[in-house]
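In: Fold the following.
(chains A and B)
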Amino acid sequence: MNITLDYLTGNRKWLVRDFTVWGDPGTFDAAIIATEDFGVRNVVFLRELLGGRAQVVEYADLIDHRGNPLPDTIANPTVIIIPKNGAVAYLAGSPGNMSFAIAKVPGGSIEPVADLIIMEMR
Amino acid sequence: MQKLLATSTAARPTGSPPQRRLFRVPSGPFAGRVVALYADSPGGIVLVYSDYPYGDWSAPLLVTSDSSDTPFSACIDSTGNIYAAYCDTSHDLKVRKLTFVGGQWSIGAASTIINADDSFRPVILKDSDGKLWCLFDHHRLSYDGRHYVRAKSSVDDGATWGTGPADLGTALSSAWIDPVYVSVCLGAGRLHAVYCVDHIHLMMRICDLATAVWQDESAICDINSIDDQFDSALSSDSRLGIVVTPFSGGVYFKEHDGLTWSGLIEVENTDARSPQVNYAESSPQVLYMKHTGSGYYVPRYASRSGETFSVEDGSPAFGAFDKVFVFHSGGSPQYQDKTAAASNATTGDVFHSDSQALLDSAGDCLYLGGLSKFHRAAVILSTIGSGGVVAWEYWDGLDWVQFVPYSGAFNFDLDNRLVQFWQDLSAAPADWQVGPVYGYNAFWVRARVTTGFSTKPVGTQILAGSKLNDLALVR
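Out: Numbering: from 1, shown residues only, chains lettered A, B, ... in the order given. Here you go, the predicted model:
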């Protein structure tokens, strides 16, 4: 482990201003239990948001408030949404290392605009 | 997400497709809580629950220990009370009320729905007037030895059914030699019973709740070998949808608009099982398990688009890998893309062209990549390897990390093996990172040869398959 490199690259933060959210959360919140038989039978819970118009955001497509592009991958990222126009958005699932999915709350009449704080949690 | 809840010794822990086992608390301070009932043993039924985001589940609460090892069913009312109907060891039908107070369920005493002859596979629901309905397969051993779909009801919260346990209730079907299977759904003051008799006939009867009079039986369709492989649901505008995955193949949908039936729509031309249907307003949504070959299945999701259905994978954790590479240290090129070959069931088409093998000598690798995390690979080989040893590794962002699969070591020495890397998706390593392999960014797992093979394995199919069955969709 390179401690100096880890120090320099860890816990980075970016602010992305005025991000417009148009993604649908998925029309079908499919929670399921099922059996999987391997000789012993496992009872499994599955949950997927299906059928939506996903807004998957690649970090590499974002520009921070200083005008710099974000990196392609972010380790253990956290995304914080700060609403700016009263319309609410939320993360659909956990952020990935390359992208995250974001959606507006169903029923809203306007598309949410928000500032995003993206943090790398080493 | 995907979470292992328990292991069970029951024959069908999550029941039969027309039955209900998974619910959302509909109102109150615990609205949105998900509660599941399953058979944890041949005689035992338990309840577990979880709140959003459903990663942590309660300890099992024993609902009953006198169940026979046959599928049971349940329903939830507007305040979160649950009614579980099951067949006991004498093959009498019983119900227990699980009263919901302060975020906990307390188990009530069992009352008998019917004790005449044998009864199986109940479905239960509560109508808007608080009346409970139970429909079931009644095997009338003392009379003609035939099976009937019967209905009984209770107006005192399940304490008394009809005139008592000996009351046979209403026969919805005629008499049949073989078992019958029934589903039930409620909407617009009417109860819809959809049932399969003689393996192939799907029938319907409707009960007007105001008069409690059942309309005559009507035929929905005949398809070879349906049995319990169907489900039904009602839309907000009272359309009745049914989905069928007959053992003879295909996934079919049919809809009743209140007056007439639509034609039989083929959702997907594939072998499938365990169908579930749900409506979002007036749009039907269908889930089922699609057979991918060699006994493996992946979840599929279909939604109606015009007159047809659009179909997609139901979970990114299952199905074909987004990228599969074989790496042969002596090859030129060393990497070859086998993504398409790994996803299909063509015999013996997953190999490196220079080694003529999936894996050969020390340093050779099989790379499995997904844009989302995954936790398993179903490996089907046309030639079984021998003499070789592989190390399984994932990429943590800095290096390859060796691990022993949850299902145990696998050195490509069996022709059909489901390699479970981790217990479930939630147990996948937190430090598993996206990284590039041969220019492709993904979550990677690789099998790296540490001791070369004397007989080199050749692959037929490698995908994140499952043996999931008996799906029960949240209601």
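In: Residue 36: how many residues sit nearby?
Out: This is for chain A. 20 (other C-beta atoms under 10 Å in any protein chain shown). No exception for glycine: its C-beta is placed from N, CA and C like everyone else's.
In: Actually, chain B is the one I wanted.
Out: 26.
In: what does B:Ser8 give?
Out: Counted with other C-beta under 10 Å, residues neighbouring B:Ser8 total 22.
In: which residues in chain A form strands?
Out: A:13-20, A:28-37, A:41-50, A:55-58, A:77-83, A:89-91, A:99-104, A:113-120 (DSSP state E).
In: got the CA positions of the third one in PDB?
Out: What follows is the C-alpha trace of strand A:41-50 in PDB, where atoms were taken according to Å, rounded to 0.1, in the frame of the first residue of the first chain:
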ATOM      1  CA  ARG A  41     -33.400 -25.200  -0.500                       C
ATOM      2  CA  ASN A  42     -32.500 -21.600  -0.100                       C
ATOM      3  CA  VAL A  43     -35.100 -18.900   0.500                       C
ATOM      4  CA  VAL A  44     -34.000 -15.800  -1.300                       C
ATOM      5  CA  PHE A  45     -35.300 -12.200  -1.300                       C
ATOM      6  CA  LEU A  46     -34.700 -10.200  -4.500                       C
ATOM      7  CA  ARG A  47     -35.600  -6.600  -5.200                       C
ATOM      8  CA  GLU A  48     -35.200  -4.700  -8.500                       C
ATOM      9  CA  LEU A  49     -36.700  -1.500  -9.900                       C
ATOM     10  CA  LEU A  50     -37.800  -2.500 -13.400                       C
END
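In: circling back to that earlier point, mind putting the strands of chain A into JSON lines with distance to B:Ala377 and mean pLDDT?
Out: JSON lines is the format used below for the strands of chain A (distance: least, C-beta to C-beta, whole Å; pLDDT from 0 to 100):
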{"stretch": "strand A:13-20", "distance to B:Ala377": "35", "mean pLDDT": "94"}
{"stretch": "strand A:28-37", "distance to B:Ala377": "15", "mean pLDDT": "90"}
{"stretch": "strand A:41-50", "distance to B:Ala377": "17", "mean pLDDT": "90"}
{"stretch": "strand A:55-58", "distance to B:Ala377": "25", "mean pLDDT": "87"}
{"stretch": "strand A:77-83", "distance to B:Ala377": "27", "mean pLDDT": "92"}
{"stretch": "strand A:89-91", "distance to B:Ala377": "29", "mean pLDDT": "87"}
{"stretch": "strand A:99-104", "distance to B:Ala377": "23", "mean pLDDT": "86"}
{"stretch": "strand A:113-120", "distance to B:Ala377": "30", "mean pLDDT": "94"}
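In: Right, and chain A sits closest to which residue of the stretch 51-200 of chain B?
Out: Nearest residue of the stretch 51-200 of chain B to chain A, counting by C-beta to the nearest C-beta: B:Tyr54, 5.9 Å away.
In: Do a quick rundown of the helices in chain B.
Out: Counting by DSSP state H, chain B has helices at residues B:339-343.
In: How is it divided into domains?
Out: Domain assignment for chain B by automatic domain parsing gives B:22-228, B:323-463.
In: To what extent is residue 12 buried, counted in neighbours?
Out: Using chain A here. Per other C-beta under 10 Å, the neighbour tally for A:Arg12 reads 16.
In: oops, chain B please
Out: Neighbours around B:Arg12, by other C-beta under 10 Å: 21.
In: try B:Ser232
Out: The number of residues packed near B:Ser232 is 26, by other C-beta under 10 Å.
In: what does the stretch 301-450 of chain B have sitting close to chain A?
Out: For the stretch 301-450 of chain B, the residues in contact with chain A (C-beta under 8 Å from any C-beta of the partner chain) are B:301, B:303, B:312, B:314-316, B:372, B:397-398, B:418, B:424, B:430, B:433-434, B:441.
In: Show me which of the residues you listed are buried.
Out: With neighbours counted by 16 or more other C-beta atoms under 10 Å in any protein chain shown, these contain buried members at B:Tyr301, B:Ser303, B:Gly314, B:Ser315, B:Pro316, B:Leu418, B:Asp424, B:Gln433, B:Val434, B:Asn441.
In: pretty sure the last one is touching A:Gly96, no?
Out: Spelled out, it's B:Asn441. No. At 10.7 Å, B:Asn441 and A:Gly96 do not qualify as touching, with contact defined as C-beta atoms under 8 Å.
In: between these two, what contacts are shared?
Out: In terms of C-beta atoms under 8 Å, 6 or more residues apart in numbering or on different chains, B:Asn441 and A:Gly96 are both contacted by the residues B:Val434.
In: Nearest residue to the middle of chain A?
Out: Note on chain A: the residue nearest the mean C-alpha position is A:Phe100, at 3.0 Å, using C-alpha atoms, centre = their mean.
In: From the buried ones among the residues of the stretch 301-450 of chain B next to chain A, which land in strands?
Out: Residues from these lying in strands, with DSSP E as the criterion: B:Tyr301, B:Ser303, B:Leu418, B:Val434, B:Asn441.
In: Just give me the closest of these to B:Leu93.
Out: B:Tyr301 (33.8 Å; C-beta to C-beta).
In: Check the contact between the closest one and B:Pro284; I expect there is one.
Out: No. Using C-beta under 8 Å, B:Tyr301 is not in contact with B:Pro284, being 11.5 Å away.
In: intersection of neighbour lists for those two?
Out: Common neighbours of B:Tyr301 and B:Pro284, counting by C-beta under 8 Å, 6+ apart, are absent.
In: Give me every residue in chain A lying close to chain B.
Out: Applying C-beta under 8 Å from any C-beta, we find that chain A lies next to chain B at A:1, A:27-38, A:40-48, A:50-51, A:72-73, A:75-76, A:96-98.
In: Quick check: ChimeraX command selecting the buried ones in the residues you listed.
Out: Buried members of the residues of chain A next to chain B, defined by 16+ other C-beta under 10 Å, are picked up in ChimeraX with:
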select /A:27,28,29,30,31,32,33,34,35,36,37,41,42,43,44,45,46,47,48,50,51,73,75,96,97,98
